[in-house]
Structures are given as structure tokens and as C-alpha cells.
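Asks: Next come a sequence and a model predicted from it.
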Number of protein chains: 2
Amino acid sequence: MRIEDLPTPALLVEAAALDHNIDVMAAARPGASLRPHVKAFKSTALARYVADRGGHRSFCCATLKEMEGMARAGLGDDLLLANETLDATRLAALVSSGAARITVAVDSPETVDVAAAAHAEVLVDVDVGLPRCGCPPDQAGPLADLARSAGLTVRGVMGYEGHLVGNPDRAARADGVAGSMVLLQAAHTDVGGGLSSAGGTGTYDLHDWADEVQAGSYLLMDTHYAQLGLPFRQALTVLSTVVSRSPKGWAVADAGLKSFGMDHGNPTLPGYKVFFCSDEHTTFMPGEDGSLPPVGSKVRFLPAHVDPTVALHEWLHVVDGDQVVESWPVDLRNW
Amino acid sequence: MRIEDLPTPALLVEAAALDHNIDVMAAARPGASLRPHVKAFKSTALARYVADRGGHRSFCCATLKEMEGMARAGLGDDLLLANETLDATRLAALVSSGAARITVAVDSPETVDVAAAAHAEVLVDVDVGLPRCGCPPDQAGPLADLARSAGLTVRGVMGYEGHLVGNPDRAARADGVAGSMVLLQAAHTDVGGGLSSAGGTGTYDLHDWADEVQAGSYLLMDTHYAQLGLPFRQALTVLSTVVSRSPKGWAVADAGLKSFGMDHGNPTLPGYKVFFCSDEHTTFMPGEDGSLPPVGSKVRFLPAHVDPTVALHEWLHVVDGDQVVESWPVDLRNW
């Protein structure tokens, strides 16, 4: 199928850029030293491609739906729910299915109780500076003791320095990671277990500290991460049709804020200036050459934030030149 | 089923508030003087409920997927695609199915060609001040002539004053609508046809001008529209579970920016202060009483923008007290 024949809006993945990104990351963090984060692409087909080409067999997930889907797809060698859950029923069903090795983050007695009820393995989630989940570092040891007393296997610690991964100053990122990982290492000493898990795409090469890095955005990338000067290419675009053009000097394409994650701002349209997004429209102005594309032509937007953009679409169309070479369902959306 | 037993995050619709909103609007704009906008709720079950209780039988849509779904659901008495489309293939299939009366907005010779190829009826879309689609008012007449010469039925004009609908100053909204509708009426005189279609939730009662108002957000509402002092109640919330609590003074719930349309900003959590949203988390601080809910408890967020929030979910759970009385699929998502 030709790209030209896809209904719009449609999510495109440039095959060569995806391969480049997988290869660069696999060279820097081979095998189990990377735990690709499924939340960034929500597709078992893409996960399988990453496993095959990149050689990574352990994955992390943000939702039980992602965990359940990965297990069902036969990608369950080592699945980490890198979030806390209070849903003992679903977690227990997942563990007892036997389809996967299941580990879950815990940061409180309540989440330890849930893991114990479900017989999941655990990582103790430690607050290393991001104001979100994770127990204080000095409570990690007691929480591990509590988990072991409940019969759980404590595999180690997790600490996500999400407040640092988007800082465009590499030296500042490196300093911040060092500070966060001092906290995580101290907690690891108290907790025990063989594994420390941390990081993301923005800090993937600043982690001599952690045994494994949790990164997902590197595969498809977005304009926000592109500011960091990382060696990954923008593989993801949203194909859109120009549906209107005004003599007042703008054009309108049929992809809007229901096609783009908007929390990092507007998408970018190379060669033009994006004015604003409505539900199903983006209005844009001419770039430096003063021209606008004709009604009926196709344009490709670069999303500002990859994860919530992918979550809005049903398909990832893998493209090479003007051809769609494969279409992968985004089968891990919703909860 | 009890609300307590729903997996989270989950979209809730307060039955009493929905009924109130339908009744208030139907009293102000009965029958065909309102064309409910499907883009705001993307559910044929909710559309059918609005048709039955509110007595409106004509609907407008933002996408071909919405049009196709409404036709298939037997809600096709009078469906308007209130956007331009260049997809003659899908539009023609929809018209020739015979399942619905199909009208489409046109604002260019190219979109007239598509309507002609599909044998759809048309409304001429006029630019009344919003920098998006719509032809200049003085080109509406010639475009209608072109459409008629191609054998099309021209039903009249459409002009959406979307740049005004969110202005919290009612007098300014009224002035703006008057100015926009002078433009639309002049175009209507040139175009002919019996129908003028305009407006939205924010201007529903400022339209002696238009034959019909296109409003959808009034059904479920959001915190952005709530600032306008309209007589509609907030019916929509996102149910979420508290998954973590920090001794540093915040709590974290399991609904994040993949659960909320973020283009109008963060959701609101009554009684607390929302700090920030991550993909699957919202971190929030205590309100005036200094308390935070315990881990495992449920909270309900108010979304800032209804349309893109609904588009992120698979189900609308209609609730009354602590019971889920019905669950409606959001079956018109995607494209």
C-alpha cells in the first residue's frame, strides 16, 4: 500500500529511523541492561520487533493492560510494572496465568499487601527527587523487610529521576543523575536483591549506576526529546490531509488535538509555522518561502510528545519511501 | 455494579446532571433548532439517549468515522459532516449505503468536487472570524453556484464562531456573535437554501440568527466551559485510585495525561491542588484542610476539556449515587 492511500490522520513510523534507534541503543545498553518501556509505544508488534532486532527480552510497563497484553503475546520473560497498583484481583490473575514473570513496584505497606495477595515479585520504588511515587530512601529497607516477611521475593530497587530526563543541559543532567543515584544506591544497600532499575531516554548514557535503564521514547522520538541532542532520530510523524486554504494566508490540515499529545505543546510542521490545533484541525501559516500546500495534499506533523500521541491512534504504519511496509496495531491502549 | 468496583481510571457520567443538561438545552433550543455535536461524546448510545430524551434528530459530526457510526446505528435522519473532507471514496460509500441523509461542509472547488463525486448534499462553510476552515463570505455565492452546476443540493450556509465561544464575558460573546452572524446572513442571501447552522455550547442562547446551533459540550461539560456561567452542570469526571502518598506532602492518583485532554490545562480535583500530570499519574497537594486521601481510596477529577478527554476512553459509565447504571461504549473514536 502507498502512504498516499492511507486515510488521515495516520501515525507513520519511518522504518530506517526506527532501526537506527534500536541499533544505537542496543550498542550502548545491550540485552538486559535496557528494559524497553512499553508505555511509549503500546504495541506488542513493536515490542517483538525490538526484542528481535535489539536483543532485549525484559520490558517494563505503566499499566496492567500493557502487562497483560505483553504476557499474552509471549513477551513475558521478565515484565516489570514500573508503577504501583492497588488492583490485587487483576494482578493475581496475571501472575497465576503463568504466562510471564511478573514484578511490580511497591512503595507502601498497602502496595506490598497487594503484591503479596497476588504472589508477584517486587522492586522497592524509591523517591530519588521526582515528586511522584516512591518511598523515602530511608524507608526502603524497612519496606523490603515487610515484603520478605510477607513471603515476597524482593528483587532490588527502582528510582526514576523523571525530573531530570528532559533537562537540555547534559552536564546538569549528569550531575542530577549522580545525585539521584547516590540515594538509590544507599537504598539498594538497605534493600538487597540483585537489581537496580532507573533512568529514561534522556539519561540512558549517564547510568553506570543502574543495572538497567527504563527507556521507551528513544524508539520513536518527539520534538521535546529532540532538543536534547541525543543520537536518536525522529521516527514518528502524523500524516494529514490539507482540507482548506484561506486567502487570508493560512491552511488547515485534518489532524488536530485528538491526534497529538498536547501536554508538551503544539506539533511541528517542517517548512511551516503551526498556529493552533482544534479537535480535528491544525491551522498553519507559511514558512520562510511564503508558500502553502494545496488543498488535497498530504503533510506530516512531528508530535511534541511521543507517548500520549501513540495512545491516541489504532495503528502504527511502518513506512519506507512512499510505501507502507507493515501496519502494527496499537493494541495496549486504555487500561 | 458499584462505582467502587470499576477498574481505574474510568470515565463517569452523572445521570442526573446529564438529564438536567439535556432538558435545559431542549427547552431553549427544541427539536431541529439544535444539532447536537457528536464529536463531544463519540458514543452512539449517548446520541440515542439525547435523541430520545431531548427530541433532537439531526446531528453533526467532525469525522467520517462518526458519520459512518451514526448512520449504522440508525441515527441518520439528518447527519452533517461539519468539516471539509477530501476522501471521496469513504464519503461516496456512506451516501450510497442509503442509511442516512448526508450533508457535508464545503469551502473550496476541491471539496465541492468531492461532494459531487459522492452525491452528498452540501452546506457552504463561511469564515466568520475563526482562523480555520470556511470560504470568505463574498465567495460563498459563487461556490454555491459551482456546487449547483455540479448537480448538488445546496442546503444553505454554516459559520462557526469558535473564536468567541470560550469568552467568559457574555456581553462580548453576544457582540461577537452578532458581528459574525451579519457575515453569515449576507453569505446566506447569496447562497440560498433553507438552512443556516452556527454556534456552540458557549453561544447556544445568543443565536436568534441561526436556524440551528451545533453544540455538544453542554451534555457533559468541563472546567473550561464551567467558567462561562452557563446553566449546564458538570456531568463528567474521571475516577481514579490513590496509589501513593509521600511524607513530603503529596499524593498520587492513577489517572494521568493519557486520561485527560490536556490542551486546556490540568484537570481539577475538588478539595485538593493538582500539581502536575504524568502519563498515568497525577500528583496533587492538600487543599485548605491540609489532608490527603489514603492509599487505595478513590478520587474524581474534573477534566479541563471534555471532547479530547472522552476520546481517550473506551467507556462512559453512567452513574447514580454509588451505582453504575449503564456503561456506554465510546464507539466513534479514531478516524
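Replies: Here it is on my side, so go on. Numbers count the residues shown, from 1 in each chain, chains lettered A, B, ... in the order given.
Asks: Correct me if wrong: A:Ala71 contacts A:Ser96.
Replies: No - with contacts counted by CB atoms under 8 Å, A:Ala71 stays clear of A:Ser96, the gap being 11.3 Å. For the C-beta atoms, the positions are set from N, CA and C on the backbone; glycine is no exception.
Asks: out of these two, which sits in the more crowded spot?
Replies: A:Ala71 (21 against 11; other CB atoms under 10 Å in any protein chain shown).
Asks: SS state for that one?
Replies: Classification of A:Ala71 by DSSP: H, G, I helix; E, B strand; the rest coil places it in helix.
Asks: Check the gap between it and A:Leu79 for me.
Replies: Remark: distance between A:Ala71 and A:Leu79 (CB to CB, to the nearest Å) = 6 Å.
Asks: Mind listing the shared neighbours of these two?
Replies: A:100, A:102 (CB atoms under 8 Å, 6 or more residues apart in numbering or on different chains).
Asks: Extract the CA atoms of stretch A:302-319 and return them as CSV.
Replies: Provided in CSV are the C-alpha atoms of stretch A:302-319 (Å, rounded to 0.1, in the frame of the first residue of the first chain):
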residue,chain,number,x,y,z
LEU,A,302,6.1,15.9,14.2
PRO,A,303,4.5,15.3,17.6
ALA,A,304,5.8,17.2,20.7
HIS,A,305,5.3,14.1,23.0
VAL,A,306,5.5,10.6,21.7
ASP,A,307,3.8,8.6,24.5
PRO,A,308,0.4,10.3,24.6
THR,A,309,0.4,10.7,20.8
VAL,A,310,0.7,7.0,20.1
ALA,A,311,-2.0,6.3,22.7
LEU,A,312,-4.5,8.3,20.5
HIS,A,313,-4.1,6.0,17.5
GLU,A,314,-5.2,2.5,16.5
TRP,A,315,-2.3,1.8,14.1
LEU,A,316,1.4,2.4,13.7
HIS,A,317,2.1,2.3,9.9
VAL,A,318,5.7,1.4,9.2
VAL,A,319,6.9,3.2,6.1
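Asks: Give me the buried positions along that stretch.
Replies: Of the residues in stretch A:302-319, A:302-313, A:315-319 count as buried by neighbour count, 16 or more other CB atoms under 10 Å in any protein chain shown.
Asks: which residue is nearest the middle of chain A?
Replies: With distances taken as CA atoms, centre = their mean, the residue of chain A nearest its centroid is A:Ala40 (2.4 Å).
Asks: Would you mind confirming that it is in contact with A:His305?
Replies: No - taking CB under 8 Å as the definition, A:Ala40 is not a contact partner of A:His305, at 10.0 Å.
Asks: ok, which of the buried residues of stretch A:302-319 also contact chain B?
Replies: Contacts with chain B within the buried residues of stretch A:302-319, as defined by CB under 8 Å from any CB of the partner chain: A:307-308, A:311-313.
Asks: State the pLDDT value of A:Leu130.
Replies: Note for A:Leu130: predicted pLDDT of 94.
Asks: so it is in which element?
Replies: Using DSSP states H and E, A:Leu130 sits in no helix or strand.
Asks: Next up, the contacts around it.
Replies: A:160-163.
Asks: now do 10 Å
Replies: Residues in contact with A:Leu130 (CB atoms under 10 Å, 6 or more residues apart in numbering or on different chains) are A:159-165, A:180, B:278, B:283.
Asks: now swap in A:Ala71 and tell me
Replies: A:Ala71 neighbours (CB under 10 Å, 6+ apart): A:44, A:61, A:79, A:94-95, A:97-102.
Asks: Just the ones of the residues you listed in helices?
Replies: A:44, A:94-95 (DSSP state H).
Asks: Quick one: those as JSON lines, columns for distance to chain B and neighbour count too.
Replies: Shown next, in JSON lines, are the ones in helices among the contacts of A:Ala71 (distance: CB to the nearest CB, whole Å; neighbours: other CB atoms under 10 Å in any protein chain shown):
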{"residue": "A:Thr44", "distance to chain B": "18", "neighbour count": "23"}
{"residue": "A:Leu94", "distance to chain B": "13", "neighbour count": "24"}
{"residue": "A:Val95", "distance to chain B": "17", "neighbour count": "21"}
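Asks: was I right about A:Leu257 contacting A:Cys277?
Replies: Yes - in this structure A:Leu257 lies within contact range of A:Cys277 using CB atoms under 10 Å: 4.3 Å.
Asks: what's the overlap in contacts for those two?
Replies: A:266-267, B:263, B:308.
Asks: which among the residues you listed end up buried?
Replies: Taking 16+ other CB under 10 Å as the criterion, what is buried in the shared contacts of A:Leu257 and A:Cys277 is A:266-267, B:263, B:308.
Asks: Just to be sure, A:Leu164 is in a strand?
Replies: No - according to three-state DSSP, A:Leu164 belongs to no strand; its state is coil.
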